[in-house]
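Sequence and predicted structure are below.
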Amino acid sequence: NGAGADLSAASAAPIMGQAEIWTLEGGGNWWHPVHMHGEEGRILKVNGATPSAKYAGRRDMYVLEPGMTMEVLIQWRDFKGKYVMHCHNSPHEDHGMMVRFDVS
């Protein structure tokens, strides 16, 4: 969105132990290797379809191609507190493509 990260407030508030499905969307002409700190998840759908075998297994990095949508099942199991999720694309890291969420 062109704005830097605002880590002073949480953008989401998942409850520890409850499973959630998060939808990640890749935008623009960039690939977005999205890294979610502190927990692993499973990819349920890629562009609305059952994912191929290359998306199987638990992970904490979700590589979004331009225009790709991914549904991820995640459940925070071990730690209540502040987490971050950010893009590992270096220019995006440098310009604050990051979000904070608080697990309670």
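Nice, I can see it.

wait, doesn't residue 47 sit right on residue 68?
Yes - contact criterion C-beta atoms under 8 Å: residue 47 and residue 68 qualify, at 6.1 Å. Quick note: C-beta positions are derived from backbone N, CA and C, even for glycine.

the more surrounded of those two?
It is residue 68, of residue 47 and residue 68, that has more neighbours when counted by other C-beta atoms under 10 Å, with 16 against 11.

what's the closest non-adjacent residue to that one?
residue 26 (4.4 Å; C-beta to C-beta, 6 or more residues apart in numbering).

residue contacts, that neighbour?
Shown in contact with residue 26 (C-beta atoms under 8 Å, 6 or more residues apart in numbering): 32, 64-70.

Which of those scores worst on pLDDT?
Among the contacts of residue 26, residue 32 carries the weakest pLDDT, at 90.

Just after the worst-scoring helix or strand of the chain on mean pLDDT, pick out the following helix or strand.
Across the helices and strands of the chain, mean confidence by mean pLDDT, DSSP states H and E is lowest for helix 90-94: a mean of 70. Note on helix 90-94: by DSSP states H and E, the next helix or strand toward the C-terminus is strand 98-103.

Is it possible to get TSV of the contacts of residue 26 that adds secondary structure and distance to residue 81?
Below are the contacts of residue 26 laid out as TSV (DSSP: H, G, I helix; E, B strand; the rest coil; distance: C-beta to C-beta, whole Å):
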residue	secondary structure	distance to residue 81
32	strand	25
64	strand	26
65	coil	32
66	coil	33
67	coil	33
68	coil	30
69	strand	29
70	strand	25
